[in-house]
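> Output the structure for:
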Amino acid sequence: MNVSPLVWISFGLTSLTLSVMLAGDALVDLVPNHDRQDFEYRRDVAEALAVQYSALAEHHQLETIKLSMERFAQRNKEIRSLALLLQSGEVLAQVGDHTRIWVQPSGGASSLEFIQVPIFAGNQSWGVLQVAFRKADLSQSERFLNDPWVRFLTFVGVTGFIGYLVFMKRTLRQLDPSGIVPTRVKAALDALTQGVVMIDTRDLIVLTNETFCRAVGKSVTALIGTDLGAMAWKSSDSAGALTVYPWTRAIMDKQPQDNISLFLPGEAGASKKFIVTTVPIMDDGSTVRGALVSFHDVTELDRANSQLKEANNELEASRVQILQKNQELEVTNTNLHIEMDHRKKAEAEKEKLYQQLMNASRQAGMADVASSVLHNVGNVLNSINVSTDTLLKTLKKPMVGDVCRIAALFSEHQDNLQSFLTADPKGKQIPSYLGLVAESLSGSHQTIQQELDSLVKKVDHIKQVIMSQQDIARAGSIREPVSVEDMMEQALIMAMPEPEKYHIQVVRDYRPIPAIMTDRHQVLQVLVNLITNAKNAMIEHSDSTRCLTLRLGVPAGSAFARLEVIDTGGGIKAENLQKLFAQGFTTRKAGHGLGLHSSAIVAKNLGGALQAHSAGEGQGATFTLDLPLVLVEAAA
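From the prediction side, this is the model:
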């Protein structure tokens, strides 16, 4: 155990004092014997009783003897039994079960528990008084602890140890070798960064500085007088403890020991490394008186060196990896050069293919334009065919032939024309019939005029379609103020002039939209496509209900005019909605897949959008055309 020398000295002095007291007791009997005192006391009491009882026996007062014995036994609890026996052994008086309790001592002498006193009548033995005392119930340890001598020794040992400790502490403070060191020298030693220890020839520490105390984690008072080698120093070459310390070897060989590495175990398994230098201290007669030992704490430096070695090893490993990476990069660089050559060849081939692709793209664009022109012109031509049929039917009406016959009748009766018109039955009908013919011709003339106007517009639309496709490469388009409602009606006339012919009901849901600036013919192109597709979808659909809804309006908070064409046709499957506006895609057997594709392109060029929606097959479809709401005033 790490016990201070002051404690050992105090303990030694206390032990010495107790030893002197025990030796005095053994030699001169200083301590009274309590057993012997008890024996002498009991013997005196028994002899006094014997004298008293012998006097009473001479006067034959046996009852008094018995009564006295009983009273004595009651008052003295240590007495187990009493008996007064005659010389012949006859029991004259007794108290308690004396025969069972009494044990005759060896040799006839009395003992501490069994005392017998002889009674004489003159010079002759008359009888004997036997007294049996109780044995003490205390155990050996209790007897030992209750012994006054033991308590006295304990008191002397404790108080003496404390007194010696206080006394020796004050004495050693006066005898502390560090006390004779001047204050400035001690301050200089404490200022050193190295630990300094001065030891005697028995390796006991005589003087040390604060640096060494902090290094080993002990105070100066705890170190003074202790063995320097008792700190479990370990060598750097061996894990075990040292057998010969450098300061011991320096004292034995009278030679300095320089730069010896020692380890001192610390807390939590950590250890400190010291570089130890020892110089022997000799007097004028070359006799070694001790040694001066310096301890240089190199723990942090050693740890830094270890970390530096680890970092160096890591750098070395990194250097090897870098060399490997460089070799890999060289191989990769070579492969890159080869690949670059291949890529240059591929780029040349790519450029050639690109030129071919551009030519093919131009041809495809020309074909796309031609297809769009043909499709849009075809839609208008269908309307022209309808108008032409209407004109032919109008011209083929029999009213013209009837006028010719009336003219012939007038020529035949020109001499009696008045009587013919008034008296002849046929002549009487001519004026009324001429009124009917005039009315019919007037209606036919109006119809022909309307159809001719429609033909002019349709031919103009065909002209505009062709011109717009011819000018597709030029930026912008011809924008003019138009009425959205008029465009919808014009597109309906062009796409479906006779809806009742196809049993289609047209529902108009027009909300007010101001005139906007846009390309009339491109919008008509889109609307004609949408209405034509709606008509075909409803004709091909087997349901009897056919309703075409045309809706115009401006959504709340929107900057677009919305034009909707809603039909009750066969609807659109969900998987076809995403590819509905792709070029060449169509769901009709006779379709070409050009109308919706070109319409979507036109809507995008106009700054709007074309969308389609359907709840599913057989649920009809809704096509929505959004056009920028560029007002005429704002454009101006």
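> contacts and neighbour counts: CA atoms only from here.
Will do.
> residue contacts, D227?
By C-alpha atoms under 8 Å, 6 or more residues apart in numbering, the contact set of D227 is 202-205.
> what's around S306, how many residues?
12 (other C-alpha atoms under 10 Å).
> Please identify the helix or strand for it.
Using DSSP states H and E, the element containing S306 is helix 299-395.
> What's the mean pLDDT across that helix?
Predicted confidence along helix 299-395 averages 77 (mean pLDDT).
> and the contacts of D227, which of them are in strands?
I205 (DSSP state E).
> Would you mind checking the contacts of D227 for buried ones?
When these are checked for burial by 16 or more other C-alpha atoms under 10 Å, the buried set is 203-205.
> Take the residues you listed and write them to TSV, including distance to S19 and pLDDT.
As requested, these are arranged in TSV below (distance: C-alpha to C-alpha, whole Å; pLDDT from 0 to 100):
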residue	distance to S19	pLDDT
D203	31	85
L204	29	87
I205	31	86
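> Return the member of the contacts of D227 nearest to I430.
Ranked by distance to I430 (C-alpha to C-alpha), the contacts of D227 are led by I205 at 162.9 Å.
> right, and the closest one touches M198 too?
Yes - using C-alpha atoms under 8 Å, I205 is in contact with M198, at 6.0 Å.
> what about the residue lying farthest from the centre of the chain, helix or strand, and which?
Farthest-out residue of the chain from its mean C-alpha position, per C-alpha atoms, centre = their mean: D415, at 122.0 Å. Under DSSP H and E, no helix or strand contains D415.
> before we move on, the earlier item: closest one to V156 out of the contacts of D227, please.
Distances from V156 to these, taken as C-alpha to C-alpha, are shortest for L204 (31.8 Å).
> Please name the nearest non-neighbouring residue to the closest one.
Taking C-alpha to C-alpha, 6 or more residues apart in numbering, and ignoring the residues beside it in sequence, L204 has D227 as its nearest neighbour in space, at 4.5 Å.
> Quick check: the gap between the one you found and A603.
In this structure, D227 and A603 are separated by 105 Å, where distance is defined by C-alpha to C-alpha, to the nearest Å.
> do the same with A222
Counting by C-alpha to C-alpha, the separation of A222 from A603 is 101 Å.
> same question, N529
Applying C-alpha to C-alpha, the value for N529 to A603 is 12 Å.
> So for those two, which sits in the more crowded spot?
Regarding N529 and A603, a neighbour count based on other C-alpha under 10 Å identifies N529 as having more, with 23 against 20.
> mind checking which helix or strand that one is in?
Element membership of N529 [criterion: DSSP H and E] is helix 520-540.
> list the buried ones in that helix?
Along helix 520-540, these residues count as buried under the neighbour rule (16+ other C-alpha under 10 Å): 520-539.
> Distance from it to the middle of the chain?
The chain centre lies 61 Å from the centre of helix 520-540; the measure is C-alpha atoms, centre = their mean, to the nearest Å.
> related to what we said a few turns ago, after the helix holding S306, next one along is what?
Assigned by DSSP H and E, the successor of helix 299-395 is helix 399-412.
> Report the backbone C-alpha coordinates of that following helix in PDB.
Written as PDB, here are the backbone C-alpha positions of helix 399-412 (Å, rounded to 0.1, in the frame of the first residue of the first chain):
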ATOM      1  CA  MET A 399     -89.700  26.300-113.200                       C
ATOM      2  CA  VAL A 400     -87.500  27.400-116.200                       C
ATOM      3  CA  GLY A 401     -89.300  24.900-118.500                       C
ATOM      4  CA  ASP A 402     -92.700  26.100-117.400                       C
ATOM      5  CA  VAL A 403     -91.700  29.800-118.200                       C
ATOM      6  CA  CYS A 404     -90.800  28.600-121.700                       C
ATOM      7  CA  ARG A 405     -94.200  27.000-122.200                       C
ATOM      8  CA  ILE A 406     -96.000  30.100-121.000                       C
ATOM      9  CA  ALA A 407     -94.000  32.100-123.500                       C
ATOM     10  CA  ALA A 408     -95.100  29.700-126.200                       C
ATOM     11  CA  LEU A 409     -98.700  30.100-125.200                       C
ATOM     12  CA  PHE A 410     -98.400  33.900-125.300                       C
ATOM     13  CA  SER A 411     -96.900  33.600-128.800                       C
ATOM     14  CA  GLU A 412     -99.800  31.400-130.100                       C
END
